[in-house]
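Engineer: A structural model of the following input is requested.
(2 chains)
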Amino acid sequence: KQEVTQIPAALSVPEGENLVLNCSFTDSAIYNLQWFRQDPGKGLTSLLLIQSSQREQTSGRLNASLDKSSGRSTLYIAASQPGDSATYLCAALGRTGTASKLTFGTGTRLQVTL
Amino acid sequence: DTAVSQTPKYLVTQMGNDKSIKCEQNLGHDTMYWYKQDSKKFLKIMFSYNNKELIINETVPNRFSPKSPDKAHLNLHINSLELGDSAVYFCASSQAGQGKGTEAFFGQGTRLTVV
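Structural biologist: Alright, predicted model coming up:
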């Protein structure tokens, strides 16, 4: 059974800092790994998708890496801004029977202060 | 155009009532999901449908009954609502295809409060 863990659970940084969010998963047989952002009271916004055959993906100030063999992914945020404040979720897509299922991590709540 | 839309956004109801949440996706995806986000913000899958066929049912009480009239719609009906059903319910879709998956897109969520 896939288990996804994110550390830290919460993080507060001053504006302008670079930061790394960590995601680990127990079953390395995944199809892809997706990072989401969730603002309070809102839905999930997809940030980056890394296929199992890829090592990293970049979008603007965000860079996500994937190391399947060690069961780890990281989300790097460069030059953080107050608008980056949100909860960040990683989710691993794996197989269950004949279906595929996204298993979510516990989330990292990020606050970027002025 | 909203890719995955669900209605209503908020739902407040009394214990014992029956309610439905509707979801529609216009992405042409073949797989749709219902997820539940509890008070601790943890997201857990409830159901998954592929081309109108139920493929995942994660030990959800049978008071919850999903229905997929076509592959663009997945509704969730809940009978005899209980206080513990209070949560945010998210609908999502992706293109599965032979067990693999593309990017999943989520609706804005339905905040259900049972009083």
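Engineer: which of the three states applies to the most centrally placed residue in chain B?
Structural biologist: Central residue of chain B (CA atoms, centre = their mean): B:Trp34, 2.8 Å from the mean position. Three-state call for B:Trp34 (DSSP: H, G, I helix; E, B strand; the rest coil): strand.
Engineer: OK, contacts around B:Ser94?
Structural biologist: Counting by CB atoms under 8 Å, 6 or more residues apart in numbering or on different chains, B:Ser94 makes contact with A:Ser100, A:Leu102, B:His29, B:Thr31, B:Tyr33, B:Gly101, B:Thr102, B:Glu103, B:Ala104, B:Phe105. Every residue, glycine included, has its C-beta placed from N, CA and C.
Engineer: the residue nearest to it when sequence neighbours are not counted: neighbour count?
Structural biologist: Residue nearest to B:Ser94 in three dimensions, not counting chain neighbours: B:Ala104, with 4.2 Å by CB to CB, 6 or more residues apart in numbering or on different chains. B:Ala104 has 25 neighbouring residues, counting by other CB atoms under 10 Å in any protein chain shown.
Engineer: repeat for the one 5 residues further on
Structural biologist: With neighbours defined by other CB under 10 Å, the count for B:Gly109 comes to 22.
Engineer: which residues of chain A lie near chain B?
Structural biologist: A:31-32, A:34, A:36, A:38, A:41-46, A:49, A:87, A:89, A:91, A:93, A:95-104, A:106-107 (CB under 8 Å from any CB of the partner chain).
Engineer: pipe the contacts of B:Ser94 into TSV and attach pLDDT per row.
Structural biologist: Below are those laid out as TSV (pLDDT from 0 to 100):
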residue	pLDDT
A:Ser100	79
A:Leu102	89
B:His29	91
B:Thr31	89
B:Tyr33	93
B:Gly101	65
B:Thr102	81
B:Glu103	87
B:Ala104	91
B:Phe105	93
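Engineer: and whichever strand in chain A runs longest, how far out from the chain middle?
Structural biologist: Using DSSP state E to define each element, chain A has its longest strand at strand A:86-96. The chain centre lies 7 Å from the centre of strand A:86-96; the measure is CA atoms, centre = their mean, to the nearest Å.
Engineer: hmm, who's touching the next helix-or-strand element following it?
Structural biologist: Following strand A:86-96 in sequence order, the next helix or strand is strand A:99-104 (DSSP states H and E). Residues from elsewhere that reach strand A:99-104 (CB under 8 Å, 6+ apart): A:2-4, A:25, A:31, A:34, A:89-95, B:31, B:33, B:35, B:42-45, B:48, B:50, B:55-56, B:92, B:94, B:96, B:99-101, B:104.
Engineer: pull the CA atoms of strand A:99-104 into CSV?
Structural biologist: Extracted in CSV, the C-alpha atoms of strand A:99-104 (Å, rounded to 0.1, in the frame of the first residue of the first chain):
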residue,chain,number,x,y,z
ALA,A,99,-6.8,1.0,-12.1
SER,A,100,-4.5,3.9,-11.3
LYS,A,101,-4.8,5.9,-8.1
LEU,A,102,-3.4,9.2,-6.8
THR,A,103,-2.2,8.9,-3.2
PHE,A,104,-1.6,12.2,-1.5
